[in-house]
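Provided below are the primary sequence and the corresponding predicted coordinates.
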Amino acid sequence: LDDPGFGTMAAQAGIPVVHYTRGESVDSLLQRLVAAAPREEQKYLTGSLVHEGSSVLLVMPQDSEAPKGRLILPQVQVLRELLDRGCVPHCCTPDSLQAALASLAGLPDLVITDSQVFGLVDRALPEECPLTSFSVLLAAAKGDVRTFVQGARAIDTLKPGSRVLIAEACTHVPDTEDIGRVKIPALLRRKVGDLTVDIAAGNDFPEDLSPYGLIVHCGACVANARLVRSRIRKALLAGVPITNYGIALAALNGILARIAVPERSDAGDMGDPSPGH
C-alpha cells in the first residue's frame with residue numbers, strides 16, 4: 001500500500017503488518033509472516049499447580065489396562081509437560097509408592113495419580129500434600145470443572161433403578177479391568193444399589209439424555225475440548241448432571257474436597273445453559 005498512515009493505524013489497532021517488495025523470495029515473506037504472527041499463550045494441563053523446580057510424583061498403575069511396553073497418552077502428555085516446565089518428575093506404581101515417598105528429601109509439591117487408585121494414594125499421603133489425577137487435569141483442560149464437581153455430587157441423588165450413561169470419546173477395545181465399563185459401574189452399584197448402566201463410545205452419544213440420572217464422561221485424552229464442552233452443554237440443556245471419570249472417582253472415594261484443581265484462564269465456563277444464551 002502507498003498510504004503511509006496505514007502502518008500507523010494498523011499498529012494502533014494491534015494488527016501486525018508485514019512489508020513485502022515485489023521480487024522478494026516467498027521464503028523471506030513466509031519467515032516474516034511467522035515472526036509477525038501473534039504468539040498464543042502456552043496452555044498447560046498442570047496449570048497453576050506446578051512451577052519450575054517443582055517436585056512431582058506420578059503414580060501410574062501398570063495393570064492389564066496399561067499398554068505393554070509404553071505409557072498411556074495422559075501419562076505421556078503430563079510427563080513431557082513437567083519436563084518442559086523445568087519440574088522434577090518422579091514415577092512409581094502404587095506398589096512402590098511408599099518406597100518412592102521414602103526416597104524423596106521431603107514431600108513432593110504435587111502427586112498426580114491414576115484416578116482408579118485415588119483411595120490408596122490418599123491414604124498414603126499426609127493431608128497437606130496436594131493430590132490430583134490425570135483425569136482431573138484433563139477435566140480442567142477440556143471441560144468445566146465446576147460443572148463436573150456439581151455432577152459428581154449428584155451421585156448421592158441416585159437411587160436403585162436409576163439409569164447412568166458412561167460416555168467415552170474413543171472406541172478402544174474394553175478390558176476386563178476397564179475403568180469406565182467395569183470399575184466405575186461397580187463402585188456406583190456398591191454405593192447406590194442396582195443401576196442400569198449404558199455405554200456410549202465414540203460418536204454414539206445419545207440425542208435424548210432425559211432417561212439418565214447421571215452422565216460420567218471419560219477424560220477425553222484423544223478428543224478436543226470442543227467435543228467435551230458440546231456434550232456438557234447438551235447435558236445441561238437436558239437438565240442431566242454430568243461429571244468425568246476422575247472427579248467421579250474422587251467423590252466415590254470420599255476425597256473430592258481435597259483434590260487439587262489447576263487454575264486455568266482458558267478453562268471453559270459453560271455458563272447459563274438456557275437456549276439463546
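That came through, no problem.

how far out from the middle of the chain is the helix or strand Thr147 falls within?
Per DSSP states H and E: Thr147 is located in helix 145-153. A distance of 13 Å separates the centroid of the chain from that of helix 145-153, by C-alpha atoms, centre = their mean, to the nearest Å.

got a list of contacts for it?
136, 139, 214-215, 232, 235-236, 241-244, 247-248, 250-251, 256, 261, 267, 269-270 (C-beta atoms under 8 Å, 6 or more residues apart in numbering). (Glycine included, C-beta is placed from N, CA and C.)

Please spell out the ChimeraX selection for the buried subset of these.
Applying 16 or more other C-beta atoms under 10 Å to these, the buried members can be selected in ChimeraX as follows:
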select :136,139,214,215,232,235,236,241,242,243,244,247,248,250,251,256,261,267,270
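
And the average pLDDT for the following helix or strand past the helix holding Thr147 is what?
Per DSSP H and E, the first helix or strand lying C-terminal to helix 145-153 is strand 163-168. In this model, strand 163-168 carries a mean pLDDT of 96.

Each with direction, which strands does strand 163-168 pair with?
strand 196-201 (parallel), strand 214-217 (parallel) (DSSP bridges).

can you pull the contacts of the nearest residue to Ala225 once chain neighbours are set aside?
Leaving out its chain neighbours, the residue that sits closest to Ala225 by C-beta to C-beta, 6 or more residues apart in numbering is Lys142, at 4.2 Å. Applying C-beta under 8 Å, 6+ apart, we find Lys142 in contact with Gly219, Ala220, Ala223, Asn224, Ala225, Val228, Arg229, Gly268.

right, and the second one touches Leu137 too?
Yep, that's Ala220 we're talking about. No - look at Ala220 against Leu137 with C-beta atoms under 8 Å: they stay out of range, at 11.6 Å.

so where's the protein uncertain?
Where the chain drops to pLDDT under 70, the residues are 1-15, 18, 20, 29, 32-33, 36-42, 64-67, 172-176, 264-277.

remind me, longest helix of it?
Longest helix in the chain by number of residues (criterion: DSSP state H): helix 225-238.

And the next helix or strand past that helix?
Assigned by DSSP H and E, the successor of helix 225-238 is strand 242-244.

Check which helices and strands that next one sits against.
helix 134-142, helix 145-153, strand 214-217, helix 225-238 (3 or more C-beta pairs under 8 Å, 6 or more residues apart in numbering; DSSP states H and E).

With distance to Pro74 added, can I get the ones you listed in a markdown table?
Listed next are the helices and strands packed on strand 242-244 as a markdown table, based on distance: least, C-beta to C-beta, whole Å:
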| stretch | distance to Pro74 |
| --- | --- |
| helix 134-142 | 4 |
| helix 145-153 | 16 |
| strand 214-217 | 14 |
| helix 225-238 | 14 |
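
out of the ones you listed, nearest to Leu30?
helix 225-238 (28.7 Å; C-beta to C-beta).

In that closest one, which residues are buried?
Result for helix 225-238 [16+ other C-beta under 10 Å]: buried residues Ala225, Leu227, Val228, Arg229, Arg231, Ile232, Arg233, Lys234, Ala235, Leu236, Ala238.

Taking the residues you listed, tell me the two that lie furthest apart.
Across those, the longest distance by C-beta to C-beta is 20.2 Å; it joins Ala225 and Ala238.

Which parts of the stretch 51-200 of the chain are helices?
73-84, 97-103, 118-124, 134-142, 145-153, 184-192 (DSSP state H, counting those that start in this stretch).

Return the most buried member of those.
Highest mean neighbour count among the helices of the stretch 51-200 of the chain (mean count of other C-beta atoms under 10 Å): helix 134-142, with a mean of 26.
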